[in-house]
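K.L.:
What follows is a predicted structure for the sequence shown.
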Amino acid sequence: MALSKEQSERYARQLILSEIGTDGQKKLMKAKVLIIGAGGLGSPAAMYLTAAGVGTIGIADADKVDLSNLQRQIIHSTSDLGKEKVVSAKETMENINPDVCVKAYNIRITSDNIDEIIKGYDFIIDATDNFASKFLINDACVRCRKPFVHAGVTGFRGQVMTYVPDTGAACYRCVFKNPPAEGSVPTGRRLGVVGAAVGTIGSIEAAEAIKYILGTGELLTGCLLTYDALKMEFRKIKLPDKTHDCPVCGSASKNSDLSQ
């Protein structure tokens, strides 16, 4: 499959990169990435993956756009208020790059539907803002052998880690064990969040997906990247290998759903 003249022009700045080139661009165009969450993290991830030419992008969210979203959820605009987030996101993405197939899932991801939804994708992006969803995504991706990137942001600070099957790297549950009791850990809804910090972390999630698809560079497997916008400081923390007693990825795992 040769690139069209329009595609060669659209992706010109990527094609000249030795890590991408024509072959890498074709990999991107054949790839399928699912973004769970069309908010602060999902917005930059979706827009950059769309612009890069990832062939199929799924985006899942059950919420509607409200005014408080617009400070950080840059895929939506004032004219989208009251609209389903996935519809708003799909419209923006198709306007950026009409070649990309955008699949909108206007549903809440649950233990009943997640396995069926993620099975058709090559890479999963956790762009959610609550612990229950993050553990649910981790457990399903480990169970279904799907690589994924996790991220979270509160205030000026964020973190990112990537899981890839069969690497021996820790999964999200290895590191964080179990969801905290509801209300015991302050979230962005209570503490506030800076849109630019969310944008930085969401862009890193997009970069992880692109690197995985291309098979180039170093992924954030086996480590946790932290970001502090106040100090403008990144730290990469080496994580222990997966724990053998992890109920999801450990040797005694029964691959059951623990996210209820």
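P.N.:
Yep, that arrived. Numbers count the residues shown, from 1 in each chain.
K.L.:
Got phi/psi on the residue nearest to Asp80 when sequence neighbours are not counted?
P.N.:
Excluding its sequence neighbours, the residue lying closest to Asp80 (CB to CB, 6 or more residues apart in numbering) is Ser88, at 4.1 Å. Every residue, glycine included, has its C-beta placed from N, CA and C. Reported as degrees, to the nearest 10, the phi and psi values for Ser88 are phi -60, psi -50.
K.L.:
same question, Ile213
P.N.:
Main-chain torsions, Ile213, degrees, to the nearest 10: phi -60, psi -40.
K.L.:
got it, and Val194?
P.N.:
Taking degrees, to the nearest 10 as the convention, Val194 sits at phi -90, psi 130.
K.L.:
I'd guessed it sits against Leu230; true?
P.N.:
No. Here Val194 does not reach Leu230: they are 9.2 Å apart, not a contact under CB atoms under 8 Å.
K.L.:
Roughly how far does Asp23 sit from Leu230?
P.N.:
Going from Asp23 to Leu230 by CB to CB, to the nearest Å gives 41 Å.
K.L.:
likewise Arg145?
P.N.:
Here Arg145 is placed at a distance of 38 Å from Leu230 (CB to CB).
K.L.:
Kindly report the same for Ser88.
P.N.:
From Ser88 to Leu230 the distance is 31 Å (CB to CB).
K.L.:
Just want to know which of the two has more residues nearby.
P.N.:
When Ser88 and Leu230 are compared for neighbours, Ser88 comes out ahead with 25 against 10, by other CB atoms under 10 Å.
K.L.:
partners of the helix or strand where Ala151 lies in the sheet?
P.N.:
Using DSSP states H and E, Ala151 sits within strand 148-154. Strand 148-154 has the following strand partners under DSSP bridges: strand 123-126 (parallel), strand 157-163 (antiparallel).
K.L.:
Please identify the most buried of the ones you listed.
P.N.:
strand 123-126 (a mean of 27; mean count of other CB atoms under 10 Å).
K.L.:
hmm, who's touching it?
P.N.:
31-37, 41-42, 45, 118, 133-134, 137-138, 141, 146-151, 205-206, 209, 212-213 (CB atoms under 8 Å, 6 or more residues apart in numbering).
K.L.:
Just to be sure, which of those residues are found in helices?
P.N.:
Of the contacts of strand 123-126, the ones assigned to helices by DSSP state H are 42, 45, 118, 133-134, 137-138, 141, 205-206, 209, 212-213.
K.L.:
In those, find the pair that's most separated.
P.N.:
Greatest spatial distance among the ones in helices among the contacts of strand 123-126 (CB to CB): Ser133 and Ile213, at 23.6 Å.
K.L.:
Tell me which of the two has more neighbours.
P.N.:
Ile213 (23 against 20).
K.L.:
Having no further points to raise, I will conclude here.
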